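Sequence first, predicted coordinates after that:
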Amino acid sequence: MVDRSLLRETVLGRTPPASIEQAGAHVYKVTLSDGLQVALKRVAEGPAPDPLHTESLALERLHRLGCPVPEVHLVEPDLRILVTAWAGDRTMDDVCQEEDQKAGAQRGRGVAEGLCRIEAAMRDAKLNESLVLKPDAGDEAAGILRMAKRGAEALLRGGPLTEAREGLVRVVERLRTGARAVASLDYNARNVVIDCDGTVRFIDFSSVGWDWPERRFVQYVTGLGAYRRGGRLVSPLTPELVAYYARARSAASPEPREEAVVRATDAHDLLFHLVVLARLAHLRSRPETAGARLLRQAWDAPEARGRQAVLYLGRPLSDDPDVNALRKMISKQ
């Protein structure tokens, strides 16, 4: 049973906690004097909808619906503080960096199941529509296509590049019309937390909105190792894990066909790694820009990351003819 009076006094500074450890830029692991471990997060103000209100409400509703998210213990709007149960010490990114492909794929199954439950529950969560962002699918797809083309330009020249551009247009146009779902818009492998017993939980719902589920899944399981010495680009995706995700999607929502989910996941994986190459190309060509400096701080050994991206671009995940043609073209380089 959570001692909420102790929790509130601790947050307000009247009762010293047993320990405080910084876990992120604005997140602290706090152990209270009664042994309870919580995550204390300072949520910055932002444009409407308010990130603190969005996150606390989304987590409360999802937890009530049995989804793998931490329980909300306390919200202090004046202090801009959200206190939740401590979800775990390791992230999916840690698994990608520290464990082998088999372990990553096993954790990826938990991510697949949890994400599908969250997206299905969001349909029933009855969040105020003013809290749900709805990025324009056309604009989003155009941005992805633009970056993917730049990634292809970093590898290909002449006829192959022209062919790749045409193939990317076909792939992105097909994805643009695919079904989207509501969940967190900050999806990356550091926002999937794994407890000591292997339980997977999702954190950071300060922005919630519509996006393609397959895109979320790819980025939730792909480790970037940001701000980590020796960090690598690591993807545990295999045809078997993608098929598992497709089955989980079909079990949570009867709308998408498994084959369509598999192909869409394959395509989003291809685009993700091309975008990585585009960012690395920008870093090389315009190293003094603010964006390049920030990327250099976040991504250790950028040239090695480029080789890792090319490696993943060459491995097929489905039987999609357009995606496989692009992968084959790239793997020849």
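Ah, there it is.

Roughly how far does residue 242 sit from residue 16?
49 Å (Cβ to Cβ, to the nearest Å). Just so you know, the C-beta spots here come from the backbone N, C-alpha and C atoms, and that holds for glycine as well.

If you count surrounding residues, which of those two has more?
Ranked by neighbour count (other Cβ atoms under 10 Å), residue 242 and residue 16 place residue 242 first, with 23 against 11.

Quick check: the more buried one touching residue 264?
No. Assessed by Cβ atoms under 8 Å, residue 242 is found out of contact with residue 264, at 9.7 Å.

tell me the secondary structure for residue 183?
strand (DSSP: H, G, I helix; E, B strand; the rest coil).

to the chain's geometric centre, what's the distance from whichever strand or helix holds residue 327?
Following DSSP states H and E, the helix or strand that holds residue 327 is helix 321-331. Using Cα atoms, centre = their mean, to the nearest Å, the mean C-alpha position of helix 321-331 is found 25 Å from that of the whole chain.

and what of stretch 106-118?
Put simply, stretch 106-118 sits 12 Å off its chain's centre (Cα atoms, centre = their mean).

What residues of that stretch count as buried?
For stretch 106-118, a neighbour-count test (16 or more other Cβ atoms under 10 Å) marks 107, 108, 109, 110, 111, 112, 113, 114, 115, 116, 117, 118 as buried.

again, but for stretch 299-312
Across stretch 299-312, burial judged by 16+ other Cβ under 10 Å covers 299, 300, 302, 305, 306, 308, 309, 310, 312.

Would you report the backbone torsion angles of the residue nearest to the first one when sequence neighbours are not counted?
If you skip the residues right next to it in sequence, residue 299 has residue 305 as its closest partner in space, 5.8 Å away by Cβ to Cβ, 6 or more residues apart in numbering. Backbone geometry at residue 305, expressed as degrees, to the nearest 10, gives phi -60, psi -40.

mind listing what's buried in stretch 201-208?
Residues of stretch 201-208 classed as buried: 201, 202, 203, 204, 205, 206, 207, 208 (neighbour count, 16+ other Cβ under 10 Å).

Strands - which of these land there?
Mapping these onto strands (DSSP state E) picks out 201, 202, 208.

Backbone torsions only: list them for the residue nearest to the second one when sequence neighbours are not counted.
Using Cβ to Cβ, 6+ apart and skipping residues adjacent in sequence, the residue nearest residue 202 is residue 69, 5.5 Å away. Reported as degrees, to the nearest 10, the phi and psi values for residue 69 are phi -130, psi 160.

can you check the one 3 residues further on too?
In terms of degrees, to the nearest 10, the main-chain angles of residue 72 are phi -80, psi 130.

What is the neighbour count of it?
As a measure of burial, residue 72 has 20 neighbours, counting by other Cβ under 10 Å.

so what's it up against?
Listed by Cβ atoms under 8 Å, 6 or more residues apart in numbering, the contact set of residue 72 reads 56, 59, 60, 63, 82, 83, 84.

Reformat the buried residues of stretch 106-118 as a markdown table; add secondary structure, pLDDT and distance to residue 149.
Output for these, formatted as a markdown table (DSSP: H, G, I helix; E, B strand; the rest coil; pLDDT from 0 to 100; distance: Cβ to Cβ, whole Å):
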| residue | secondary structure | pLDDT | distance to residue 149 |
| --- | --- | --- | --- |
| 107 | helix | 96 | 32 |
| 108 | helix | 98 | 29 |
| 109 | helix | 97 | 33 |
| 110 | helix | 97 | 34 |
| 111 | helix | 98 | 29 |
| 112 | helix | 98 | 29 |
| 113 | helix | 97 | 34 |
| 114 | helix | 98 | 33 |
| 115 | helix | 98 | 28 |
| 116 | helix | 97 | 31 |
| 117 | helix | 96 | 35 |
| 118 | helix | 97 | 32 |
